[in-house]
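Participant: Attaching a predicted model along with its sequence, questions to come.
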Amino acid sequence: MDFVSIRVITGDITRLVGFYEGATGATAHWSTEDFAELRTASATLAIGSTRTVAMFAPGAAHPADNRSVILEFRVEDVDAVHRKLIDSGLVDACVQAPTTMPWGNRSLLVRDPDGHLVNFFTPVTEDAAARLAR
């Protein structure tokens with residue numbers, strides 16, 4: 001088994017894709033006007049409009065209704081990402097400014113336009129880097 005993606009359902013796909021393109025520097029690959037993917041070396045963030053839910057599970061997903069999942073992106077320099085997000089206006093405020101966590105990651109927590117919690121992190125200890133090595 002290989003975990004390859006997570007899909008977020010949104011009521012405003014253009015806004016949400018724009019946020020993730022700006023925040024990650026990745027370019028979205030659009031399959032249709034209702035579905036886009038931001039691909040990285042290890043996983044894909046798929047973003048679908050509410051219209052896609054009706055195609056496979058009507059009523060099963062509700063946009064901007066999550067408070068239990070954190071989307072996580074490993075970055076080279078979390079402090080630089082913090083400055084970029086604030087300076088570009090992609091986020092107004094952080095849930096948590098860059099902080100070094102006990103498990104060895106320096107983490108920045110923000111909310112995307114739909115309110116999902118997003119963690120940008122950089123491993124800063126040898127143990128954390130080894131744990132995340134692929």
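Facilitator: Yes, it's here. Numbering: from 1, shown residues only.
Participant: Contacts for the helix-or-strand element of the chain with minimal mean pLDDT, please.
Facilitator: In the chain, the helix or strand scored least confidently by mean pLDDT, DSSP states H and E is helix 50-56, which has a mean of 89. The set of residues that contact helix 50-56 without belonging to it, under Cβ atoms under 8 Å, 6 or more residues apart in numbering, is 9-11, 34-35, 59-61, 63. Where C-beta positions appear, they are placed from N, C-alpha and C, glycine not excepted.
Participant: Closest one of those to Ala46?
Facilitator: Within the contacts of helix 50-56, proximity to Ala46 (Cβ to Cβ) peaks at Phe35, which comes in at 7.1 Å.
Participant: In strands, which of the contacts of helix 50-56 appear?
Facilitator: The subset of the contacts of helix 50-56 located in strands under the criterion DSSP state E comprises 9-10, 35.
Participant: Identify, from those residues, the entry nearest to Gln96.
Facilitator: When the ones in strands among the contacts of helix 50-56 are compared for distance to Gln96 (Cβ to Cβ), Thr10 comes out closest, at 23.3 Å.
Participant: which residues does that closest one bridge with?
Facilitator: Thr10 forms beta bridges with Ser49, as assigned by DSSP bridges.
Participant: okay, now it: neighbour count?
Facilitator: Thr10 sits with 22 neighbouring residues when counted by other Cβ atoms under 10 Å.
Participant: can you list the ones in strands among the contacts of helix 50-56 in JSON lines and add distance to Ser68?
Facilitator: Rendered in JSON lines, the data for the ones in strands among the contacts of helix 50-56 read as follows (distance: Cβ to Cβ, whole Å):
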{"residue": "Ile9", "distance to Ser68": "15"}
{"residue": "Thr10", "distance to Ser68": "17"}
{"residue": "Phe35", "distance to Ser68": "23"}
